[in-house]
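>>> quick one, structure for this:
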Amino acid sequence: MLSAVALLPGVIAVAQLGRIHPDEVFQALEPAWWRVHGYGVLAWEWRDGLRNWAVPGVLAGFLKLADALGITEPRAYRAVLAIPQAALHAWSLWAAYRFAERRAGPTGGGWAALFVGLYGPVLVFAGRTMAESISASLLVVAMEALDRRERETRAGLVGGLALGLAVVARYPSAIFVLAALVWLAASRRWRLLAFTCASGLAVALALGTLDWATWGTPFHSFVAYARFNVFSGRAAAQFGADAPGFYVKPFLAAVPLWLWAAVPSALSALRQRRAISLPLWCATAYAGVLLATAHKEERFLYPALVLLILAAAPSVVTFLAQEFGPRTRWSLTGLALVSSLAVGAVFPSGDLRADQIRAIVAATRGDARGLLIVNEGLWGSGGFFYLGKRIPWLTCDWPRDAAFQHALRDARFNRAVTFEDRALKELQAGGFRIIGRIGRETMLSRGE
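Predicted coordinates:
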């Protein structure tokens, strides 16, 4: 059952395409394409060295494998790239089961793992090449490892490895690392703490070596990222700043109804001065930092939400098992799972533009020599990764834009995709004819 659930996010991402945020393409897929093929669109972070090459490097390896197997259709090689992430997600769900099993028994552990795996935002995020997606899966693995009471040496090595890799995938996850180390120290679990630090240090040294090899200086990307996002205030100046209340609406939208049933248990632990669970502590510490950080985005909540679900699910499952008979328990559990799934319809709240990416893939098959994308900017496009070939392409908003006028004059541009039919009449007047529609996108061709 968990194996099938683990595959769902990857299957959804490949079948749906689209992107949660431009970073899904331009911080992972497009750099991997550039690494393999020698061309592509590199975002400013890759010019200034704010990113490390670990995740794009792994994806590039699987992209090379796809090339070696003769897989050249974008959706097909995107499916190949989903393999490592699906394996990571499966590991995280197994970790969620182990974490919950200690508190709710084997049956309760299975149900709690389903609560995590079928949580709507997990289904949306976990199959996508977002830094938050990869980091959150690794954090779940780390939470389970550091929760163990047996074989602490191995637990520390696994936990430190997962925490370190979570930071490599997404530098703000260093907040979770610091919170976890404080929790271990407060719990006086010194052996576990020591091996966690040793394993994490090994990952840090590997990151330093990678940056040295790719950027010319050890830890170049981490230092550049911290300088831009933490110490200079440039992130807020460039991308905007918001009050702490920014997160209230997305948080409330993302929390399934059943999670509130775990609040009394957490409050009781505090009153009795019992230690709260590691994932709850880490999620709370991270949320506090998010509230205090000027630049805010809805997607930043995702890792904390996953850890909250992980922390709450065992107590809710135990409560249902203890307080209700089989028929009522099954009904309430079913309703809880439905409420978890439903959250995926409202979080994240942005437009995935899945029909646009699918239309771009469809329009550029065959003898496409150039593509014009109307009603979309550069960072909302699919890059060369979803074109799958080295052809000229342009984005524009209106027929009066220079890119639109250039594409109409250049005979190489024999394909066009327009969102919500913007400039459709002007495209048809320029010799394009409609060849199909996918959702809100219209595909056009000319010269045939």
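
>>> residue 324 and residue 147, how far apart?
With distances taken as C-beta to C-beta, to the nearest Å, residue 324 is found 27 Å from residue 147. C-beta here means a position set from N, CA and C on the backbone, and glycine is covered the same way.

>>> the more surrounded of the two?
Under the criterion of other C-beta atoms under 10 Å, the comparison of residue 324 against residue 147 puts residue 147 first, with 19 against 14.

>>> thought that one was touching residue 280?
No: the pair residue 147 and residue 280 fails to qualify as a contact (C-beta atoms under 8 Å) at a distance of 11.3 Å.

>>> show me what the longest helix belonging to the chain is packed up against.
The residue-count maximum for a helix in the chain (DSSP state H) belongs to helix 74-117. For helix 74-117, the elements it packs on are helix 2-16, helix 54-68, helix 131-147, helix 302-323, helix 326-342, helix 383-387, judged by 3 or more C-beta pairs under 8 Å, 6 or more residues apart in numbering; DSSP states H and E.

>>> nearest to residue 284, out of the ones you listed?
Nearest of the helices and strands packed on helix 74-117 to residue 284, taken as C-beta to C-beta: helix 302-323 at 8.1 Å.

>>> against which helices or strands is that closest one packed?
helix 74-117, helix 120-125, helix 131-147, helix 263-271, helix 278-292, helix 326-342.

>>> how big is the angle separating the first one from helix 302-323?
So that's helix 74-117. Computed by axes from the mean of the first three to the mean of the last three C-alpha atoms, to 10 degrees, the angle separating helix 74-117 from helix 302-323 equals 40 degrees.

>>> what's the mean pLDDT across helix 74-117?
Throughout helix 74-117, pLDDT has a mean value of 94.

>>> and the second one, by the same measure?
For helix 120-125, mean pLDDT is 96.

>>> now residue 405: which helix or strand?
Assigned by DSSP states H and E, residue 405 belongs to helix 402-409.

>>> what does that helix contact?
The contact list for helix 402-409 (C-beta atoms under 8 Å, 6 or more residues apart in numbering) reads 370, 372, 374, 394-396, 398-399, 413, 416, 423, 426-427, 430-431.

>>> can you do 10 Å?
The contact list for helix 402-409 (C-beta atoms under 10 Å, 6 or more residues apart in numbering) reads 370-374, 392-399, 401, 413-416, 423, 426-427, 429-432, 446.

>>> extract the C-alpha set from it and format it as CSV.
C-alpha atoms of helix 402-409 as CSV (Å, rounded to 0.1, in the frame of the first residue of the first chain):
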residue,chain,number,x,y,z
ALA,A,402,9.1,43.5,-30.0
ALA,A,403,9.3,39.7,-29.5
PHE,A,404,5.9,39.2,-31.1
GLN,A,405,6.8,41.3,-34.1
HIS,A,406,10.1,39.6,-34.5
ALA,A,407,8.6,36.1,-34.4
LEU,A,408,6.0,37.0,-37.1
ARG,A,409,8.8,38.3,-39.4
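
>>> which element follows that helix toward the C-terminus?
Scanning forward in sequence from helix 402-409 by DSSP H and E, the next helix or strand is strand 415-419.

>>> what angle separates that next one from helix 402-409?
Here strand 415-419 runs at an angle of 140 degrees relative to helix 402-409 (the same axes, to 10 degrees).

>>> mind giving me the packing neighbours of strand 415-419?
Packing contacts for strand 415-419, counted by 3 or more C-beta pairs under 10 Å, 6 or more residues apart in numbering; DSSP states H and E, involve helix 354-363, strand 371-374, strand 393-396, helix 402-409, helix 424-429, strand 433-438, strand 441-445.

>>> and if we set it to 6 Å?
helix 354-363, strand 371-374, strand 441-445 (3 or more C-beta pairs under 6 Å, 6 or more residues apart in numbering; DSSP states H and E).

>>> pick the most buried one from these.
Among these, strand 371-374 has the highest mean neighbour count (mean count of other C-beta atoms under 10 Å), at a mean of 26.

>>> not counting its neighbours along the chain, what's nearest residue 82?
For residue 82, ignoring the flanking residues on the chain, the nearest one in space by C-beta to C-beta, 6 or more residues apart in numbering is residue 10 at 4.0 Å.

>>> my guess is residue 220 meets residue 211, correct?
Yes: between residue 220 and residue 211 a contact is recorded at 4.5 Å, counting by C-beta atoms under 6 Å.

>>> where does this structure dip in pLDDT?
Applying pLDDT under 70 to the chain flags residues 265-275, 448.

>>> tell me if I'm right that residue 315 and residue 263 touch.
No: when contacts are counted by C-beta under 6 Å, residue 315 is not listed as touching residue 263 (9.6 Å).

>>> quick one, which of the two is more surrounded?
In this view residue 315 and residue 263 are compared by other C-beta under 10 Å, and residue 315 has more residues nearby, 23 against 11.

>>> residue 276 versus the more buried one, what's the distance?
Counting by C-beta to C-beta - residue 315 and residue 276 are separated by 11 Å.

>>> what's residue 439 sitting at in phi/psi?
Per-residue torsions, residue 439: phi 60, psi -120 (degrees, to the nearest 10).

>>> list the contacts for it?
Neighbouring residues of residue 439 by C-beta atoms under 6 Å, 6 or more residues apart in numbering: residue 355.

>>> residue contacts, residue 371?
Per C-beta under 6 Å, 6+ apart, neighbours of residue 371: 364, 393, 415.

>>> closest to residue 111 out of those?
Using C-beta to C-beta, the contacts of residue 371 come closest to residue 111 at residue 364, 44.8 Å.

>>> ok, the closest one touching residue 387?
Yes: using C-beta under 6 Å, residue 364 makes contact with residue 387 at a distance of 5.3 Å.

>>> and residue 220 and residue 211? which has more neighbours close in?
residue 211 (23 against 19).

>>> what's the angle between the helix or strand encompassing that one and helix 131-147?
Taking DSSP H and E as the definition, one finds residue 211 inside helix 190-215. Angle, helix 190-215 to helix 131-147, by the same axes, to 10 degrees: 150 degrees.

>>> which residues touch the helix or strand following helix 190-215?
Sequence-wise, the next helix or strand downstream of helix 190-215 (DSSP H and E) is helix 220-226. Under the criterion C-beta under 6 Å, 6+ apart, residues 49, 50, 51, 52, 171, 211 lie in contact with helix 220-226.
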